[in-house]
Structure formats: structure tokens, C-alpha cells
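Engineer: need a 3D model of the sequence below.
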Amino acid sequence: MEKVKFWFDVSCPFCWVTSRWIKEVEQVRDVEVQWVPMSLAVLNDGRDLDPNYMKKMEANWGPARVFAAVATEHPDKVDALYTALGTAIHPGGNGGRSGFGGYDDLIPAALAEVGLPAELAEVANTTEWDDALREFHGSAMAEVGDDVGTPVLKFGDTAFFGPVLTRIPRGEEAGRIFDHAVGLASFPSFFEIKRSRTESPKFD
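Structural biologist: Numbers count the residues shown, from 1 in each chain. Just a heads-up that it's a prediction; the model follows:
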């Protein structure tokens, strides 16, 4: 069985596409995926960036804090909650929100959908779980450095930023991409492949 560690921020559309790819991979390859929260808000905290982008980072704190709490207290529910909340955000057309509390209306429904306590929604706008969130995020950065975003995936002993996908591969196509990713990860001297994106993420 191939073990995969997947660090995610539920707000990121590219990360969502990659996560749905790995869910497809689960159907065609013998893999075990461990889902771990990370945070673009933590990554960009204190940076001098475009004000409109930073308003989106303010919104991203809420869901990430909830995931830090769930990953600590209910780790077996992280996968299901990511699917529930991510579906509401991305295919549901609710991404890119701005300002603190930007996702407050979506979080309670997602928690209820997967059978998690309703009071977990309350941590979205507190700092109660910030230390845990930073620790989860730091575990990703320790693997790949802090000049990347989300997703971060670890195949065996090697972690990378990405793969970054704009469409969700299905079935055996998803499996073949996975095979190649694992193959590249097996070379200690391999670090990066990259090209400019020419399309936005598609969620169908």
C-alpha cells in the first residue's frame, strides 16, 4: 500500500481539484491518504501583499481553524469534512470570500453533514486553535520549504508542492498520473517541473 500525506487548505480551488484527483486514485490504486490541514492565511501572515488578496486570507482563517480542531479531536472526520465543506465552497460557487467570518454560513452545515459537533463552528473566529493550526502548517513547510502554497503531498519519504491540476482526472487516468508522481518522487535529485497555467480550475 502506498501512503500519501495530503496537506490542504479548503479555500484553495487548485488544492480542491488535486484532492478530488487523489480521491479518484483511491478507487484505482492501493493507497492510504492522511489528510492534514495547512493554511494560506498562516503562510501569508505578515506579508505585504495586495489588500484584496489579504482580505481573502482573513476569510480563510475560519475554516482552517475548524480543521485544526477537527484534525486534533476527530482525525477520522477530516476527509469527510473536507469533502462536505469543499463541495459547498468550490462546486457550490462560494469560493473567494473576503473578510473575517467569510465562510461562517457554510461551516455549520458541513459539520452537521458529517456528524461533527455544532459547537466546532464557534472556533472559526477565535484564536483557540491557532497554535495547532500553525503546527499543522509548519509540518508541511518543514517538508517543502515556505516558498510554496497548497496542496503539499508526500509520497513515501518525499514531499512536493502539488501536483497542481486544473481538471479532475478520472479512473485510470488518475491512476497513471499518480504512478508518474510516485515515480518522480523516488528520485532524490528530482525537485520541480513547472509551466505557466493557461486555464482556471474546473470542478466537474
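
Engineer: would you tell me which helix is longest in the protein?
Structural biologist: Ranked by residue count and defined by DSSP state H, the top helix of the chain is helix 51-73.

Engineer: show me where the protein has its strands.
Structural biologist: 2-8, 31-37, 152-155, 158-161 (DSSP state E).

Engineer: of those strands, flag the one that's most buried.
Structural biologist: strand 152-155 (a mean of 23; mean count of other C-beta atoms under 10 Å). For the C-beta atoms, the positions are set from N, CA and C on the backbone; glycine is no exception.

Engineer: for it, what does the pLDDT average out to?
Structural biologist: Across strand 152-155, pLDDT averages out at 96.

Engineer: got a list of contacts for it?
Structural biologist: Contact with strand 152-155 is made by 2, 4-7, 18, 22, 38, 140, 143-144, 159-163, 181-182, 185, as judged by C-beta atoms under 8 Å, 6 or more residues apart in numbering.

Engineer: will you turn the strands of the chain into a markdown table that also has distance to residue 77?
Structural biologist: Converted to a markdown table, the strands of the chain look like this (distance: least, C-beta to C-beta, whole Å):
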| stretch | distance to residue 77 |
| --- | --- |
| strand 2-8 | 14 |
| strand 31-37 | 10 |
| strand 152-155 | 21 |
| strand 158-161 | 24 |
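
Engineer: these: which one's closest to residue 56?
Structural biologist: strand 2-8 (16.5 Å; C-beta to C-beta).

Engineer: and the closest one, which strands flank it?
Structural biologist: strand 31-37 (parallel), strand 152-155 (antiparallel) (DSSP bridges).

Engineer: pLDDT of the first one, averaged?
Structural biologist: Right, strand 31-37. 97.

Engineer: cool, and stretch 15-28?
Structural biologist: 98.

Engineer: list the buried residues of that stretch.
Structural biologist: Residues of stretch 15-28 classed as buried: 15, 16, 17, 18, 19, 20, 21, 22, 24, 25, 26 (neighbour count, 16 or more other C-beta atoms under 10 Å).
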